[in-house]
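Trainee: just need the structure, nothing else, for what follows:
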Amino acid sequence: MNIRTFTLFLALVTFFATGASAFDFGVFGGGPSKKVKGLVQEARGAYGSANYSKVIDLTNKAIIEDAKYAPAYALRGKAKKDTGDIDGAFKDLNKAIELDPKLGEAYYVRGQANEIMGEMGKAKADYEKGCEAGYRGAC
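Mentor: Numbering: from 1, shown residues only. Okay, here's the model as predicted:
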């Protein structure tokens, strides 16, 4: 067995030993469907029009279709924050960050929610994380 074959074998053993699925890594077309992406895109348009109930409805549908799509939670959390549902916003934003720790927008919006709650230290930390993740609005 040459080194390339051995490396591939070791990677496959590790892959299956962790309980991962090929779908988790997008090997078989995993990731959000066109429908889910379309729902979130439509929700972003509704957000731009300040139609927060429509944003929440569309992101709910996206989450039902794909409960692992972090941008849907982040956008729903953003709409909840803007409607005054700060507890709901924190739940959604924390879930978005759990699913995708590099989603800078979720940190930024959670920073805004922390600011609303008077938690300036937490807000600053979230803004810094959002900036580090590449979300320019947080910088």
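Trainee: so where's the protein uncertain?
Mentor: By pLDDT under 70, the low-scoring segments of the chain are 1-30.
Trainee: rerun that using 90 as the cut-off
Mentor: 1-32, 137-138 (pLDDT under 90).
Trainee: separation between L58 and A72?
Mentor: 9 Å (Cβ to Cβ, to the nearest Å). All C-beta atoms are positioned from the backbone trio N, CA, C, and that covers glycine.
Trainee: okay, these two: which has more neighbours?
Mentor: A72 (29 against 25; other Cβ atoms under 10 Å).
Trainee: only alpha carbons, please: show the helix or strand harbouring the more buried one as CSV.
Mentor: Assessed by DSSP states H and E, A72 sits inside helix 70-82. Extracted C-alpha coordinates of helix 70-82, given in CSV (Å, rounded to 0.1, in the frame of the first residue of the first chain):
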residue,chain,number,x,y,z
ALA,A,70,-27.5,28.9,10.1
PRO,A,71,-28.3,32.0,8.0
ALA,A,72,-32.0,31.3,8.4
TYR,A,73,-31.7,31.4,12.2
ALA,A,74,-29.5,34.5,12.0
LEU,A,75,-32.0,36.4,9.9
ARG,A,76,-35.0,35.2,12.0
GLY,A,77,-33.1,36.4,15.1
LYS,A,78,-32.5,39.7,13.4
ALA,A,79,-36.2,40.2,12.7
LYS,A,80,-37.1,39.1,16.3
LYS,A,81,-34.6,41.6,17.7
ASP,A,82,-36.2,44.3,15.6
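Trainee: who are the packing partners of it?
Mentor: helix 34-48, helix 52-65, helix 86-99, helix 104-116 (3 or more Cβ pairs under 8 Å, 6 or more residues apart in numbering; DSSP states H and E).
Trainee: now do that helix against helix 52-65, angle only.
Mentor: Orientation check (axes from the mean of the first three to the mean of the last three Cα atoms, to 10 degrees): helix 70-82 against helix 52-65 gives 150 degrees.
Trainee: give me the distance between the residue nearest the centre of the chain and T59.
Mentor: Centroid check for the chain by Cα atoms, centre = their mean gives A70 as the closest residue, at 2.2 Å. Relative to T59, A70 is positioned 11 Å away (Cβ to Cβ).
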